[in-house]
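> This is a predicted model, with the sequence first.
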2 protein chains.
Amino acid sequence: MRTAYQEQLAALSAQLGDMCGLAVSALERATQALLDADLSLAEQVIADHEHIIALNRRAEEAALRILALQQPVASDLRTVVGSIHIAADIDRMGALAAHVAGISRLRHPDCALPTDVRASFAEMGARAVQLAKTAQEVLLSRDPEKAARLRDEDDAVDAEHRHLFTLLIDHKWQDGVCSAVDVALLGRYYERFADHAVEIGKRVVFEATGGLPGHKQMA
Amino acid sequence: MRTAYQEQLAALSAQLGDMCGLAVSALERATQALLDADLSLAEQVIADHEHIIALNRRAEEAALRILALQQPVASDLRTVVGSIHIAADIDRMGALAAHVAGISRLRHPDCALPTDVRASFAEMGARAVQLAKTAQEVLLSRDPEKAARLRDEDDAVDAEHRHLFTLLIDHKWQDGVCSAVDVALLGRYYERFADHAVEIGKRVVFEATGGLPGHKQMA
């Protein structure tokens, strides 16, 4: 039989899994809106971020209740505090997806992406969405080996991000300053979204091993 | 006489104040390095970020110890959990200052800033540093009224940030794509640095009032 503590913790993990699913969907739709210059889809992503914000608060309140009522120690304590960090990471992922959508909305009816970088963003979007899906699985399975693999998956996002900057800086960019600024910021948003998914993985590893998660080295 | 809990909490607050002081100094020096194309100062800021990362871990460990040993409830619990968020915010502030320094290093011996935007960055840097100083004072005084004022101070950073984008997008930018990309990313780093200082203020208000801190509306 599960204790009340285990029930509450399982409910909190499920909440985080649901939140992460919303972040996956937000970036999937934001990328689609970006590629298709789809205003109503972009606006939907922006509006839906409120829902992730509300769930972040609810997750933090649930964690505070567990801390107050169950007073967990050792690895249980790390898990609950880790959940608070993870909820905050997912909230930021939702905000970054909304920022992507915000640029689509700003440039509508034009497409924010020049033709030359469409494939890059389709690729970076697909990889970042995949990272978030892996993070969601890890939140439900709490599998530290899969969690550790998130960092490797992130390397592909970073490589695509560097490639974008090569296009912007080293080659002759023909699409004007406004586009270059949009592309630079969009690249940053995808990179940060992926970083937060990696952070979720590091937290799960931390909970399993007891070591505080390390920082990724600055590029 | 103060209880062991109060002693530990005061020590944690002092730790956060010290960390915030390091973030202030990091952005002050990063801005100077940016304005003067000073490579060694930029490298110092990047190297010093390791110190803030280490202090973030130490603060989180101290908070976990307090939770495990003192098992605080109600507003005490909120304060300890709030400290974990605040330490993470300051860590990000240090990372963002290091990102500013990273762009100076990348462009050295050139200056990353075209002449037209030097004054904007000097202004934005001074205001963001002032915000972080206010956040540091708030961490030590726990004054919710001063904490609430951080949001107003942030409006000036946002206004300067918007002005930068007007220069980039609406006017005829003469300094090339590479500079435009640097300026856009630098503007984003300063804006995010200031946002984290505002978050610190919101946490302090939250601890005083018990309401979970709200999000700033998307621009």
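That came through, no problem.
> Tell me which residues of the helix or strand of chain A with the lowest mean pLDDT come out buried.
Using mean pLDDT, DSSP states H and E, the weakest-scoring helix or strand in chain A turns out to be helix A:144-165, at a mean of 91. By neighbour count on 16 or more other C-beta atoms under 10 Å in any protein chain shown, the buried set for helix A:144-165 is A:144, A:146-148, A:150-151, A:153-154, A:156-158, A:160-161, A:164. C-beta: built from backbone N, CA, C; applies to glycine.
> Let me see the ranges of the strands in chain A.
Here chain A has no strands by DSSP state E.
> Going by residue numbers, what spans are helices in it?
For chain A, helices defined by DSSP state H occupy the ranges A:4-36, A:39-70, A:74-107, A:115-141, A:144-165, A:176-209.
> what residues does the shortest one touch?
Contact with helix A:144-165 is made by A:117, A:120, A:123-124, A:127-128, A:130-131, A:134-135, A:137-138, A:183-184, A:187, A:190-191, A:194-195, A:197-198, A:200-202, A:204-205, A:208-209, A:216, A:219, B:181, as judged by C-beta atoms under 8 Å, 6 or more residues apart in numbering or on different chains.
> go on, stretch A:166-181?
By C-beta under 8 Å, 6+ apart, stretch A:166-181 touches A:112-114, A:116-117, A:120, A:183-184, B:165, B:168-169, B:173, B:177-178, B:180-181, B:184.
> Could you give me the ChimeraX syntax to select whichever of those residues are buried?
To isolate the buried members of the contacts of stretch A:166-181 in ChimeraX, using 16+ other C-beta under 10 Å:
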select /A:112,113,114,117,120,183,184 /B:168,169,173,177,178,180,181,184
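> Name the nearest residue to A:Ile90, sequence neighbours excluded.
A:Met19 (4.5 Å; C-beta to C-beta, 6 or more residues apart in numbering or on different chains).
> gap between that neighbour and B:Ala63?
Using C-beta to C-beta, to the nearest Å, we find A:Met19 at a distance of 23 Å from B:Ala63.
> repeat for A:Ala74
A:Ala74 is 15 Å from B:Ala63, by C-beta to C-beta.
> Ok, A:Ala197 next?
The spacing between A:Ala197 and B:Ala63, counted by C-beta to C-beta, is 24 Å.
> If you count surrounding residues, which of those two has more?
Comparing A:Ala197 with B:Ala63 by other C-beta atoms under 10 Å in any protein chain shown, the one with more neighbours is A:Ala197, at 30 against 25.
> my read: that one touches A:Met93, true?
Yes. Taking contacts as C-beta atoms under 8 Å, A:Ala197 lies within contact range of A:Met93: 6.9 Å.
> who touches both of the two?
Any residue near both A:Ala197 and A:Met93 by C-beta under 8 Å, 6+ apart counts here, and that gives A:Ala132.
> May I ask you to confirm that A:Ala87 is in contact with A:Asp18?
No. At 11.0 Å, A:Ala87 and A:Asp18 do not qualify as touching, with contact defined as C-beta under 8 Å.
> So for the two, which sits in the more crowded spot?
Ranked by neighbour count (other C-beta under 10 Å), A:Ala87 and A:Asp18 place A:Ala87 first, with 24 against 16.
> Up against chain B, what does chain A have?
A:46, A:49, A:53, A:57, A:60-61, A:63-64, A:67-68, A:71, A:73-74, A:77-78, A:81, A:84-85, A:88, A:95, A:98-99, A:102, A:165, A:168-169, A:173, A:177-178, A:180-181, A:184-185, A:188, A:212, A:215, A:218 (C-beta under 8 Å from any C-beta of the partner chain).
> Mind giving me the PyMOL select for those residues, buried ones only?
Selecting only the buried entries of the residues of chain A next to chain B in PyMOL, with 16+ other C-beta under 10 Å as the criterion:
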select buried, chain A and resi 46+49+53+57+60+63+64+67+71+77+78+81+84+85+88+95+98+99+102+168+169+173+177+178+180+181+184+185+188+212
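> which among the buried residues of helix A:144-165 gets closest to chain B?
Closest approach between those and chain B, by C-beta to the nearest C-beta: A:Leu164, at 10.1 Å.
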